[in-house]
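Novice: here is my input; please provide its structure:
(one chain, ligands or ions: 2)
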Amino acid sequence: MLNSIAVDRRSLIAGATVLGVAIAAGPLQAQEKPMIDARTALIVVDVQNDFCPGGNLAVTKGDEVVAVINALGKRFETIILTQDWHPAGHSSFASSHPGKKPFELIQMPYGPQVLWPDHCIQGSKGAEFRADLDLPRAQTIVRKGYRPEIDSYSGFVEADRKTPTGLGGYLKERGVTRAVVVGLATDFCVNWTAQDAAKAGLETRVVEEACRAIDLNGSLAKAWADMAALGIKRIKAADLPG
Ligand code: VGL
Ligand code: ZN
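Specialist: Ligands and ions are numbered 1, 2, ... in the order given. You can find the predicted model right below:
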């Protein structure tokens, strides 16, 4: 069905040529490339206002991923969004720990935890997806980090490394075997989501220009190394099939 839409599009373009509209020759635009099959999920991580310039936990140039992801989204049938979704006073916020400042590390019952500025509070403007994110085919939104006592960078398993979000089972039931992970931030939520996708048995790729990093104390280099060790491929959008 989607392939026939692509064919129609080509014939429309051919029609335009007949009518004398000049079409610049050049590299194919992402949306003119073939569709990627339904067993390959595009997982779009946390493209929310708070992670973009002007937000409470702004990732440098975080907004630049939007156009890349919008173009990619035109090629996928299976698109999942994750949304960081914390209650006010969440245990990952520095403001919940008297005397602590954002970006300090503390020990939680489940292990070390970076403390963050308050961000992505349920129902706030900062928690909303970027208004220019244009993924009409997206089918599922997985919210995470909503338990007051547990953070969740990963879209699959919370930071206690035990509590599943349900995404793994959902993808398995839908027959998804491959994941392409994009979004914010490369070294935290993208990294953890991609690692858990690989651990769930999915063939996993991360599109580097569709991500931006926080990069705290070498976290970005470590993230790429840890992902590589799990067999996750670091690719460019142009490396995707077609
Ligand atoms: C994230 C820090 C805290 C992320 C979420 O989306 O990478 N980072 N919460
Ligand atoms: Zn968060």
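Novice: I'd like the next helix or strand past the lowest-mean-pLDDT helix or strand in the chain.
Specialist: Ranking every helix and strand in the chain by mean pLDDT, DSSP states H and E puts helix 2-18 at the bottom, with a mean of 37. Going down the chain from helix 2-18, the next helix or strand is strand 36-45, by DSSP states H and E.
Novice: pairing partners for the residue of the chain found nearest ligand 2 in the sheet, please.
Specialist: As assessed by C-beta to the ion, ligand 2 sits closest to Asp84 within the chain, at 4.2 Å. Glycine gets a C-beta too; all of them are placed from N, C-alpha and C. Under DSSP bridges, the beta-bridge partners of Asp84 are Lys144.
Novice: does it touch Gly55 like I think?
Specialist: No - using C-beta atoms under 8 Å, Asp84 is not in contact with Gly55, being 11.0 Å away.
Novice: common neighbours of the two, please.
Specialist: Taking C-beta atoms under 8 Å, 6 or more residues apart in numbering as the contact rule, Asp84 and Gly55 both touch Gln48, His119.
Novice: ok, these two, which is more surrounded?
Specialist: Asp84 (30 against 21; other C-beta atoms under 10 Å).
Novice: what is the mean pLDDT for stretch 113-120?
Specialist: The average pLDDT for stretch 113-120 rounds to 98.
Novice: ok, that stretch near ligand 1 or not?
Specialist: Yes - using C-beta under 6 Å from any ligand atom, stretch 113-120 reaches ligand 1 at Trp116.
Novice: measure that stretch end to end?
Specialist: Across its full length, stretch 113-120 reaches 17 Å between end residues, using C-alpha to C-alpha, to the nearest Å.
Novice: try stretch 193-210
Specialist: From the first residue to the last, stretch 193-210 extends over 15 Å; the measure is C-alpha to C-alpha.
Novice: pLDDT weak spots in this structure?
Specialist: For the chain, the stretches flagged by pLDDT under 70 are 1-31, 242.
Novice: mind running it again at 80?
Specialist: Along the chain, segments meeting pLDDT under 80 span 1-32, 242.
Novice: for it, what lies in contact range of ligand 2?
Specialist: Asp84, Gly145 (C-beta under 5 Å from the ion).
Novice: and the helices in the chain?
Specialist: 2-18, 65-73, 167-173, 191-199, 219-229 (DSSP state H).
Novice: buried sites along the second one?
Specialist: Neighbour counts using 16 or more other C-beta atoms under 10 Å place Val65, Val66, Val68, Ile69, Asn70, Ala71, Leu72, Gly73 of helix 65-73 among the buried residues.
Novice: again, but for the third one
Specialist: Residues of helix 167-173 classed as buried by neighbour count (16+ other C-beta under 10 Å): Leu167, Gly168, Tyr170, Leu171.
Novice: reformat the residues you listed as TSV; add distance to Thr204.
Specialist: Formatted as TSV, the buried residues of helix 167-173 follow (distance: C-beta to C-beta, whole Å):
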residue	distance to Thr204
Leu167	13
Gly168	12
Tyr170	16
Leu171	11
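Novice: just flag the most distant two among the residues you listed.
Specialist: Gly168 and Tyr170 (7.2 Å; C-beta to C-beta).
Novice: nearest residue to the residue nearest in space to the middle of the chain in space, please, no chain neighbours.
Specialist: In the chain, the centroid-proximal residue (C-alpha atoms, centre = their mean) is Val45; its distance is 2.2 Å. For Val45, ignoring the flanking residues on the chain, the nearest one in space by C-beta to C-beta, 6 or more residues apart in numbering is Gly183 at 3.2 Å.
Novice: brilliant, that's me finished.
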